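A.B. asks: The amino acid sequence is not available; the structure is as follows:
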Ligand SMILES: Cc1cc2nc3c(=O)[nH]c(=O)nc-3n(C[C@H](O)[C@H](O)[C@H](O)COP(=O)(O)O)c2cc1C
Ligand code: SF4
Ligand code: FES
């Protein structure tokens, strides 16, 4: 779908801004909002580009920089932390050979940390493209990553 | 001790995708009952029930409804489904397992206060709740429970889901309204309160998912009957999100008056692997951390005033003796440093300093002076912050200074000894 088709789905008013940004982010393989897109959005909604940026940079689910095809978000809050026997974050960093905040060289994954995602009763937990994965073990993480790699190849 | 299931009674019994399932067990019947009552009669029942908001701030629900019912013209209903407080997952369960219960509660409120439009603001991380509620709203519309002339009467109301995009502060009511308006989620100065000037500066009733979901039960059983549940301090049932180092983590619905220890031991099965409870964090990151010997306190909000705090949204996070107080505090405060919206200086700058000081405690490189700075900063943020985020963020520090003073002293002494040994 073209950006213009996304825009047309929403009323041309500022209140649509966040929904539009989220939908464009979801549509794009590299999950970010480019300068050109900011201009198009600002023109369509009749708001300043600086306003679009102020919203875009405020919310952590959005990005102004290209990211990987799949966004992995590891939960870092207390209920997960005290149930994490093997260090989920370090395990992911090792398996993906990169640190939190980075994108893998093949562009497949970006690794991020997130605040609690409401899966504390099945801790430790993470999201991949906002899909929850819970009761994580080392084996499980390995299998999950493999499944994303296979589908993409 | 047993659960008292009211809001959770249909969980697992009905298919959340099926409005027929909901209707077959009496769903939307209470809406019809409410629509035979006057606005004042409904609000009277809510008052008699003594229910207070389940989103954390604990304000009497009927007061907001009454204030709204006096307004005229355009007004809005907003459901706060941003649930970002670490350790809480009750609203997710309510939306994913019984979405029509929430819609019915919103409809009853809308009818009582005279609102025609509503929004459910769901955090973007809860994609399955977004999906389920959008589906449920469409079904309700098809069946004549949303839209024009609801149940054949002169009552019009429609609902829309809006998503958050990863900002804890958007749970704060004004930040949430700003976010729906397409702005960064930064609070407004009050007054005016939302019931006077809320969304698009129109009167707005904003309630938590659990609060709205309770309304059909209040109308169904009468406010007086509902008010008999619970304790003399707080009426009704409360959903508790139990997590941490406990055998049976999960969601439990109990009457107010239940003690924290009962929830942990009788419902949660106690701590896992023969460890001992070291600390329990109540409410979430914004709540107090208390020692084991205080667990016989009940979950009534008023009792929490000794911490200058509230039970919040009902999280109980159990932490066993393998964990150090300062690593827990450090994580908690790092969370707030990240989530501060930056609008006021005490919160924007204060949390950065607090994190630095706690790092020193964690590294055993701390002095008595650092301790004094920590306590004074925690008090300054608590007293001068513009919104509830900063006003509550240092509760865990203030409570542990009181209840775990020993750990603070010990860490300072260990630091001194370490210094001498070098
Ligand atoms: C930083 C902050 C975060 C909050 N997060 C939530 C939340 O996620 N859900 C919620 O219902 N209320 C939250 N609240 C409380 C709301 O501001 C508000 O009191 C509540 O939505 C009112 O609904 P109630 O009366 O039904 O509880 C938060 C408050 C603050 C200060
Ligand atoms: S207390 Fe913190 S979150 Fe609240 S307005 Fe001030 S800076 Fe923003
Ligand atoms: S703390 Fe990780 S999901 Fe809640």
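C.D. replies: Sure, I can see it. As the structure is a prediction and not an experimental result, all values here were calculated from the model. Ligands and ions are numbered 1, 2, ... in the order given.

A.B. asks: State the number of residues packed around residue A:31.
C.D. replies: 22 (other Cβ atoms under 10 Å in any protein chain shown). No exception for glycine: its C-beta is placed from N, CA and C like everyone else's.

A.B. asks: ok, it - contacts?
C.D. replies: A:25, A:63, A:66, A:67, A:68, A:69, A:71, A:110 (Cβ atoms under 8 Å, 6 or more residues apart in numbering or on different chains).

A.B. asks: how about the host helix or strand of residue A:21: buried residues?
C.D. replies: Assigned by DSSP states H and E, residue A:21 belongs to helix A:17-27. In terms of neighbour count (16 or more other Cβ atoms under 10 Å in any protein chain shown), helix A:17-27 has its buried residues at A:17, A:18, A:19, A:20, A:21, A:22, A:23, A:24, A:25.

A.B. asks: Show me what it is packed up against.
C.D. replies: Helices and strands touching helix A:17-27, by 3 or more Cβ pairs under 8 Å, 6 or more residues apart in numbering or on different chains; DSSP states H and E, are helix A:3-9, helix A:35-45, helix A:49-58, strand B:158-163.

A.B. asks: if we can go back for a sec, output the contacts of residue A:31 in JSON lines, with distance to residue A:137 and secondary structure appended to each entry.
C.D. replies: Shown next, in JSON lines, are those (distance: Cβ to Cβ, whole Å; DSSP: H, G, I helix; E, B strand; the rest coil):
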{"residue": "A:25", "distance to residue A:137": "30", "secondary structure": "helix"}
{"residue": "A:63", "distance to residue A:137": "30", "secondary structure": "coil"}
{"residue": "A:66", "distance to residue A:137": "32", "secondary structure": "coil"}
{"residue": "A:67", "distance to residue A:137": "26", "secondary structure": "coil"}
{"residue": "A:68", "distance to residue A:137": "23", "secondary structure": "coil"}
{"residue": "A:69", "distance to residue A:137": "25", "secondary structure": "coil"}
{"residue": "A:71", "distance to residue A:137": "22", "secondary structure": "strand"}
{"residue": "A:110", "distance to residue A:137": "23", "secondary structure": "strand"}
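
A.B. asks: now those residues: which count as buried?
C.D. replies: Buried among the contacts of residue A:31 (16+ other Cβ under 10 Å): A:25, A:63, A:67, A:68, A:69, A:71, A:110.

A.B. asks: just to revisit the earlier point, buried deepest among the helices and strands packed on helix A:17-27, which one?
C.D. replies: strand B:158-163 (a mean of 20; mean count of other Cβ atoms under 10 Å in any protein chain shown).

A.B. asks: could you give the mean pLDDT of the longest strand seen in chain B?
C.D. replies: Counting by DSSP state E, the longest strand found in chain B is strand B:237-244. For strand B:237-244, the mean pLDDT works out to 96.

A.B. asks: Next: stretch B:197-211.
C.D. replies: If you average the pLDDT values across stretch B:197-211, you get 98.

A.B. asks: returning to what we had before: which of the buried ones among the contacts of residue A:31 sits closest to residue B:379?
C.D. replies: residue A:63 (36.8 Å; Cβ to Cβ).

A.B. asks: which residues touch the closest one?
C.D. replies: A:25, A:31, A:32, A:33.

A.B. asks: what are the phi and psi angles of it?
C.D. replies: Backbone torsions of residue A:63, given as degrees, to the nearest 10, read phi -140, psi 150.

A.B. asks: Also residue A:14?
C.D. replies: Dihedral angles (degrees, to the nearest 10) for residue A:14: phi -50, psi -30.

A.B. asks: count of neighbours near it?
C.D. replies: 16.

A.B. asks: Same check on residue A:48?
C.D. replies: 10.

A.B. asks: Leaving out the residues flanking it, which one is nearest to it?
C.D. replies: residue A:42 (6.2 Å; Cβ to Cβ, 6 or more residues apart in numbering or on different chains).

A.B. asks: and the next element down the chain from the helix or strand containing residue B:80?
C.D. replies: Secondary-structure assignment from DSSP H and E places residue B:80 in strand B:76-81. Sequence order places helix B:90-97 as the next helix or strand after strand B:76-81, per DSSP H and E.

A.B. asks: Tell me who's in contact with residue B:122.
C.D. replies: Counting by Cβ under 8 Å, 6+ apart, residue B:122 has contacts B:81, B:82, B:95, B:129, B:130, B:133, B:161, B:162, B:163, B:164.

A.B. asks: Please apply the same query to residue B:350.
C.D. replies: B:377, B:380, B:381, B:390.

A.B. asks: Identify each buried residue in the strand or helix carrying the first one, please.
C.D. replies: Using DSSP H and E, residue B:377 falls within helix B:368-384. Neighbour-count burial for helix B:368-384, counted by 16+ other Cβ under 10 Å, picks out B:370, B:371, B:373, B:374, B:375, B:377, B:378, B:381, B:382.

A.B. asks: So stretch B:381-398, near ligand 1 or not?
C.D. replies: Yes: against ligand 1, stretch B:381-398 shows contacts by Cβ under 6 Å from any ligand atom at B:387, B:388, B:389.
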